[in-house]
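In: coordinates only, no sequence provided:
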């Protein structure tokens, strides 16, 4: 957990807009424009009630990012992109949406402890696919709300019978399913999570 603390610093620490914009400038004018829009959305959302923040950030990514497979975007079977990398491409897969929403909501003042990235088995058109969503818990024992790129609206987990949780994680832990049974240190167990945290720290998200 020492590595996790070094990567994340203080939970809820304000993100560094100048550092993020400098990273966006290195990617090109289109990314600068998208990054400015995201920073403005985060700033406006941060002054609203928390569920409204969740809805705004969810809508931002679902509206602006096209779903595409990692092989089409990156030429790799599995690549976890930072928010800026995703905005630069204008496209991402399910992990990228979940990561972008998670980091943006933290920047807007939502506690990391209220959110989990959840690997699920999703039933899509009669097929079962590996998929990732972001779960938001308004209260510790509350039913989570599911942020998903497959549908535009946010629904309680009980209204998503098409999703079967496999494991979940955030900046603080890794769990079997969405329960309380721990499955170890997410940074140690999930190499792609560790890599994307390192990249997002370099971009100024932490």
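Out: Received, thanks. If you're wondering where the values come from, they're calculated on a predicted model, not measured in any experiment.
In: now do the SS call for the residue nearest to residue 74 when sequence neighbours are not counted.
Out: Distances taken as C-beta to C-beta, 6 or more residues apart in numbering place residue 81 nearest to residue 74, at 7.7 Å, with adjacent residues excluded. No exception for glycine: its C-beta is placed from N, CA and C like everyone else's. Following DSSP: H, G, I helix; E, B strand; the rest coil, residue 81 is assigned to coil.
In: ranges for the helices of the chain?
Out: Here the chain has its helices, by DSSP state H, at 2-8, 17-27, 29-45, 50-64, 70-73, 83-89, 94-107, 186-189, 191-203.
In: low-scoring stretches of the chain, by residue?
Out: 1-14, 187-188 (pLDDT under 70).
In: residue at max distance from the center of it?
Out: residue 126 (26.3 Å; C-alpha atoms, centre = their mean).
In: how near is residue 22 to residue 202?
Out: The gap separating residue 22 from residue 202 is 11 Å, by C-beta to C-beta, to the nearest Å.
In: roughly how far apart are residue 177 and residue 167?
Out: Using C-beta to C-beta, residue 177 is found at 7 Å from residue 167.
In: compare these two (neighbour count), which wins?
Out: With neighbours defined as other C-beta atoms under 10 Å, residue 177 and residue 167 compare such that residue 167 has more, 20 against 15.
In: give me every residue that touches the more buried one.
Out: Neighbour list for residue 167: 118-119, 174-177, 183 [criterion: C-beta atoms under 8 Å, 6 or more residues apart in numbering].
In: and of those, the nearest to residue 48?
Out: Nearest to residue 48 among the contacts of residue 167 is residue 118, at 24.6 Å by C-beta to C-beta.
In: now do the same contact list for the closest one.
Out: Residue 118 touches 98, 132-135, 163, 165-168, 178, counting by C-beta under 8 Å, 6+ apart.
In: just the buried residues out of those residues, in ChimeraX syntax.
Out: Command for ChimeraX that selects the buried part of the contacts of residue 118, burial taken from 16 or more other C-beta atoms under 10 Å:
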select :98,132,133,134,135,163,165,167,168,178
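In: rewinding a little: compile the helices of the chain into TSV and extend it with columns for distance to residue 142.
Out: TSV is the format used below for the helices of the chain (distance: least, C-beta to C-beta, whole Å):
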stretch	distance to residue 142
helix 2-8	24
helix 17-27	31
helix 29-45	20
helix 50-64	11
helix 70-73	33
helix 83-89	26
helix 94-107	16
helix 186-189	22
helix 191-203	25
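In: residue 158: which of those is closest?
Out: Across those, closest to residue 158 is helix 50-64 (C-beta to C-beta), at 16.9 Å.
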